[in-house]
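Peer 1: when you get a sec, could you give me coordinates for this:
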Amino acid sequence: MKIVSACLVGVNCRFNGENKLSAELVEAFKRGGLVPLCPEQLGGLPTPRPSSRIVDGNAYDVLDGRARVSNERDEDVTEEFVRGAREVLSIAEVLNVEAAILESRSPSCGCGRVYD
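Peer 2: Take a look at the predicted model:
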């Protein structure tokens, strides 16, 4: 079982109400074993929504309370981002997920490099 960023399999859940469809991942999703999730929606944010970025640190700093997530209106959406991350973790633990395929540069999904 693997988690996949929902936008990658065609769910219109990105901040702008669109997706980042990957035909390869849609085919894998159809075969089973992929669970599409959007942490930002699971955290309670609407779609569409103002774009967000990590301020004054990185994702680890956000989880440790040393940085925040702010949207383009300069509204603090840290709580929603952390809630969404915890929801994804809970689902991953229940499903015994072995891997995740995540959208790069996303403030909630990105790994390695995020838009911060």
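Peer 1: buried stuff in the longest helix along the chain?
Peer 2: Longest helix in the chain, counting residues (DSSP state H): helix 78-95. Residues of helix 78-95 classed as buried: 78, 80-85, 87-88, 92 (neighbour count, 16 or more other C-beta atoms under 10 Å). The way it works is simple: take the backbone N, C-alpha and C, and place the C-beta from them, glycine included.
Peer 1: nearest residue to Arg68 other than its sequence neighbours?
Peer 2: Excluding its sequence neighbours, the residue lying closest to Arg68 (C-beta to C-beta, 6 or more residues apart in numbering) is Thr78, at 4.4 Å.
Peer 1: now Val4, what are its backbone angles?
Peer 2: For Val4, the backbone dihedrals (degrees, to the nearest 10) come out as phi -130, psi 140.
Peer 1: ok, it - contacts?
Peer 2: Neighbour list for Val4: 25, 28-29, 34-37, 100-102 [criterion: C-beta atoms under 8 Å, 6 or more residues apart in numbering].
Peer 1: any idea which of those residues has the most stuff around it?
Peer 2: Leu37 (23 neighbours; other C-beta atoms under 10 Å).
Peer 1: find me the pLDDT at the residue of the chain most remote from its centre, would you?
Peer 2: Residue farthest from the centre of the chain, counting by C-alpha atoms, centre = their mean, is Arg31 at 22.5 Å. For Arg31, the model assigns a pLDDT of 96.
Peer 1: hey, where'd the strands end up in the protein?
Peer 2: 2-5, 34-37, 52-55, 68-71, 99-101 (DSSP state E).
Peer 1: how about the ones you listed in JSON lines, adding mean pLDDT?
Peer 2: Output for the strands of the chain, formatted as JSON lines (pLDDT from 0 to 100):
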{"stretch": "strand 2-5", "mean pLDDT": "95"}
{"stretch": "strand 34-37", "mean pLDDT": "96"}
{"stretch": "strand 52-55", "mean pLDDT": "92"}
{"stretch": "strand 68-71", "mean pLDDT": "95"}
{"stretch": "strand 99-101", "mean pLDDT": "92"}
